[in-house]
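# curious how this folds, go ahead:
(chains A, B, C and D)
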2 protein chains.
Amino acid sequence: MPFSYEYPRPSLAVDCAVMGFDEGDLKVLLIQRGIEPFKGKWALPGGFVRMDESLDAAARRELAEETGLTNVFLEQLYTFGEVRRDPRGRTVSVAYFALVKLGKQKVAAATDAARADWFSAAKTPALAFDHNQILEMALLRLRNKVRYVPIGFELLPERFTLTQLQHLYESILGRDLDKRNFRKKALALDVLEATKDHEQGVSHRAARLYRFDEEKYAKLVKKGFNFEL
Amino acid sequence: MPFSYEYPRPSLAVDCAVMGFDEGDLKVLLIQRGIEPFKGKWALPGGFVRMDESLDAAARRELAEETGLTNVFLEQLYTFGEVRRDPRGRTVSVAYFALVKLGKQKVAAATDAARADWFSAAKTPALAFDHNQILEMALLRLRNKVRYVPIGFELLPERFTLTQLQHLYESILGRDLDKRNFRKKALALDVLEATKDHEQGVSHRAARLYRFDEEKYAKLVKKGFNFEL
DNA sequence: CCAAAAGTGTTTCACTTACACCCATGA
DNA sequence: TCATGGGTGTAAGTGAAACACTTTTGG
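The predicted structure is shown next:
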C-alpha cells in the first residue's frame, strides 16, 4: 500500500452484455472486432475506462460509441480479473448487464466495431477473450433476477400483451408457464395498468395492451412487498 | 481502444468486508489505518492488486497480510469506481464479501494496519473512503443470500446447536423466528447431520450438536432443489 | 364457418404460520 | 427444587399448481 502509486497498474476495461427480446426469442448484442487482438471475432461491446469517468459512465459511453444504444437499463454484473484474460497484457474488466427494449432503437456499429448484430442468446458463436463466460453469467443473472424484480419490462415495448409478457418469462426461465396461473399472478401483483387499446393487425381476437406502472411498483417496494412471477 | 495501453490507468485495489458471528451478534472486522490518507481511521482491510495475481488472490493475500486470516469464505461483492472515492487519485476497488468461523482464528494486525478488531455490525464507526457504503452492501448481500444459499454455516463452528443456528439467522435477518417452525424446516432440508454429542458446561439441559453435511447439500443442489430457511 | 389466439374459475395439495407444554440438567 | 433453555405436534390459513372450454376476430 505505501508505494502503491509506483506499482504498475492493470488496464481497466468495461464490457456490456446487452440483452433484448424479439420474436419470442432472447437476443444478445455482439460486435465484430475491427482490430487486434481477436480481429474479426465476435465480442461483447466494451472498452477502456477513462480517468475522469465512473465505471457506469464508461459502460454507457462505450455502449453508445460502439452500438449507438443510449438509455438502456444498466447494472454492474461482475469484475473479471484473471491474470491472462487479455493477450495484450494484464487487463481487468468490469462487466455490465444491460437490457434494451428492442425495435425502438436501431443498432449501428461504430469505432472499433466492424459490425454490430443481435444473436439468439441460445446459440452465440465463440467469443473473444473470456466473453463467453461473461455472457453466461449475464444470462444466469437475468434468470435469477427476473424472478423477484420486475426487470422483464425493460425488455418489452412500453405497451404489451400478457401473452408477450408470458413468452418473455418462458424464454428467460426456459420452461413453459400455465397461461391462467400466469395471468392471474401477473395481474394480482397490481403493477400492470390495462390500457383501452388492443394489438393491431392480427387475424384473430386482438389482445388487450398493458403498461407497467412504475409508480405503483415503487409504492409496493416501499411497503416491503414480495414480487414474484 | 486502439491506444489503450498509452492511456493513464486507475489504481486497482481490493477491499474485504469480513463478517463473523459471536455471542449472538453479527460482527465486522475492521483495521485501523496506520498510514495516510485517513490515518487512524477504521477501514475495511484491503490493498492494491499486483500484476501477477487474480483479484481473488489479491483479496486473500491482503486479508492474510493485514489480519492474519486464511481459509475464509470469500466471494466478489461489487466494484466501486466513483472518480473521487480516493483522495490520492483515481482508484477503483473490487470489494469482497468474506465470512469466517469466529473463535477458531485469532486476528492480528499487520503491515499497514495499526490494529484489527471486531465491531458489532449494527454499530460501526465512520469508516475511511467509501467503506461504509461497501459494508452496507455486504450486509445486504448477506441478508439476501442467506435466504436461499446455506452460507450461514460459514459463520458457525463446525458443530453447533440448532439454537445457535436460529440466533444466527435471527441476527442476520433482523427478526425473531419461531423455534418450532425453524427447527422443523432446518431439519427437513436434510443437510444437517446430528452428532452423538451435546454442548458442554451449560447449567441446563445440554443441546444436541449438529454438523452441516456438505455432501448431502451438493447432491441436493444437483437435483435442482430449493433451499430456504 | 374455420383457424387462431384471447380470455376466464375452481379444486387440490403443499407449505407456512401460530401456538403451549413437558423435559433434562446443573446449581 | 428451582431456574434455564431444550425439545416436540397440530390445526388453520394461504398460496401454488393443475386443468378445459367459450369468445372474438380476420380471412
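# from here on, just use CA atoms for contacts and neighbour counts.
Fine.
# now A:Y7: closest residue in space that isn't a chain neighbour?
Computed as Cα to Cα, 6 or more residues apart in numbering or on different chains, the closest residue to A:Y7 that is not its neighbour in sequence is B:R50, at 7.9 Å.
# helices or strands up against the helix or strand where A:A186 lies?
Using DSSP states H and E, the element containing A:A186 is helix A:179-188. For helix A:179-188, the contact count by 3 or more Cα pairs under 8 Å, 6 or more residues apart in numbering or on different chains; DSSP states H and E identifies helix A:162-173 as packing neighbours.
# list the buried ones in the helix holding A:A186?
Within helix A:179-188, the residues scored as buried using 16 or more other Cα atoms under 10 Å in any protein chain shown are A:F182, A:R183, A:A186.
# from those, which is closest to DNA strand C?
Nearest to DNA strand C among the buried residues of helix A:179-188, counting by Cα to the nearest atom of the strand, is A:R183 at 6.4 Å.
# excluding its backbone neighbours, what's nearest that closest one?
A:R183 sits nearest to A:L162 (Cα to Cα, 6+ apart), 6.9 Å away.
# just A:R208 next, same as before
Among residues not flanking A:R208 along the chain, A:H198 sits closest, at 4.3 Å (Cα to Cα, 6+ apart).
# for the one you found, what are phi and psi?
Per-residue torsions, A:H198: phi -130, psi 160 (degrees, to the nearest 10).
# so how many other residues sit close to it?
16 (other Cα atoms under 10 Å in any protein chain shown).
# in chain A, which helix or strand is least confident?
Every helix and strand of chain A was ranked by mean pLDDT, DSSP states H and E. The lowest is strand A:113-120, at a mean of 87.
# touching that strand from outside, list them.
The contact list for strand A:113-120, computed with Cα atoms under 8 Å, 6 or more residues apart in numbering or on different chains, reads A:25-35, A:40, A:66-67, A:107-109.
# and the helices in chain A, which stretches?
A:55-67, A:131-145, A:162-173, A:179-188, A:214-222 (DSSP state H).
# now the angle between helix A:162-173 and the longest one, please.
With axes from the mean of the first three to the mean of the last three Cα atoms, to 10 degrees as the basis, helix A:131-145 and helix A:162-173 are set at 130 degrees to each other.
# so which residues make contact with helix A:131-145?
Residues from elsewhere that reach helix A:131-145 (Cα under 8 Å, 6+ apart): A:A17, A:A43, A:L44, A:L77, A:A95, A:F97, A:A126, A:I151, A:I172, A:L173.
# farthest-separated two in those?
Distances among the contacts of helix A:131-145 were taken as Cα to Cα; the most separated pair is A:A126 and A:I151, at 27.5 Å.
# list the contacts of A:L173.
A:R143.
# chain center to the strand ranked longest in chain A, what's the gap?
Longest among the strand segments of chain A by residue count, using DSSP state E, is strand A:11-22. Distance of strand A:11-22 from the chain centroid (Cα atoms, centre = their mean, to the nearest Å) equals 7 Å.
# who are the packing partners of it?
Using 3+ Cα pairs under 8 Å, 6+ apart, the elements in contact with strand A:11-22 are strand A:25-33, strand A:46-48, helix A:55-67, strand A:91-99, helix A:131-145.
# so which of the ones you listed comes closest to B:N71?
In terms of Cα to Cα, the element of the helices and strands packed on strand A:11-22 nearest to B:N71 is strand A:91-99, at 24.4 Å.
# so A:C16 is in contact with A:L44, correct?
Yes - between A:C16 and A:L44 there is a contact at 5.9 Å, judged by Cα atoms under 8 Å.
# list the buried residues of the least confident helix or strand of chain A.
Across strand A:113-120, burial judged by 16+ other Cα under 10 Å covers A:A113, A:A114, A:R115, A:A116, A:W118, A:F119, A:S120.
# give the pairing partners of it; include direction for each.
strand A:25-33 (antiparallel) (DSSP bridges).
# cool, thanks, signing off.
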